[in-house]
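Q: Only the shape, not the letters, is given here:
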């Protein structure tokens, strides 16, 4: 939660400063801070999904699928 608040604050401050001083570097850095916010959200959702039982079942299914594909390749 601290990272989300920090990224939002940095984005706002850098964006306003970039517009005020007509600095494309600060505006680009504000956009980069927003992309960090997006990556924080993706990380949070990934952790939340990975803690479910369904995700564990999904991993087992993928594992057996890979074994099946390997078996088909070596059978030839």
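A: Arrived safely. Note that the coordinates shown come from a computational prediction; the quantities given were computed from them, not determined experimentally.
Q: isn't residue 26 right next to residue 13, touching?
A: No. Between residue 26 and residue 13 there is no contact under C-beta atoms under 8 Å: 9.2 Å. Backbone N, C-alpha and C define where each C-beta goes, glycine included.
Q: ok, these two, which is more surrounded?
A: Neighbours per residue, other C-beta atoms under 10 Å: of residue 26 and residue 13, the larger number sits with residue 26, 18 against 13.
Q: which residues sit in contact with the more buried one?
A: By C-beta atoms under 8 Å, 6 or more residues apart in numbering, the contact set of residue 26 is 14, 15, 17, 18.
Q: Toward the C-terminus from the helix or strand hosting residue 45, list the very next helix or strand.
A: Using DSSP states H and E, the element containing residue 45 is helix 24-50. Next helix or strand after helix 24-50 toward the C-terminus (DSSP H and E): helix 53-75.
Q: now the helix holding residue 45, how far from the chain's geometric center?
A: 7 Å (C-alpha atoms, centre = their mean, to the nearest Å).
Q: and it, which residues are buried?
A: For helix 24-50, a neighbour-count test (16 or more other C-beta atoms under 10 Å) marks 26, 27, 29, 30, 33, 34, 36, 37 as buried.
Q: So residue 33 is in contact with residue 5, correct?
A: No. Residue 33 lies out of contact with residue 5 (C-beta under 8 Å); the separation is 11.9 Å.
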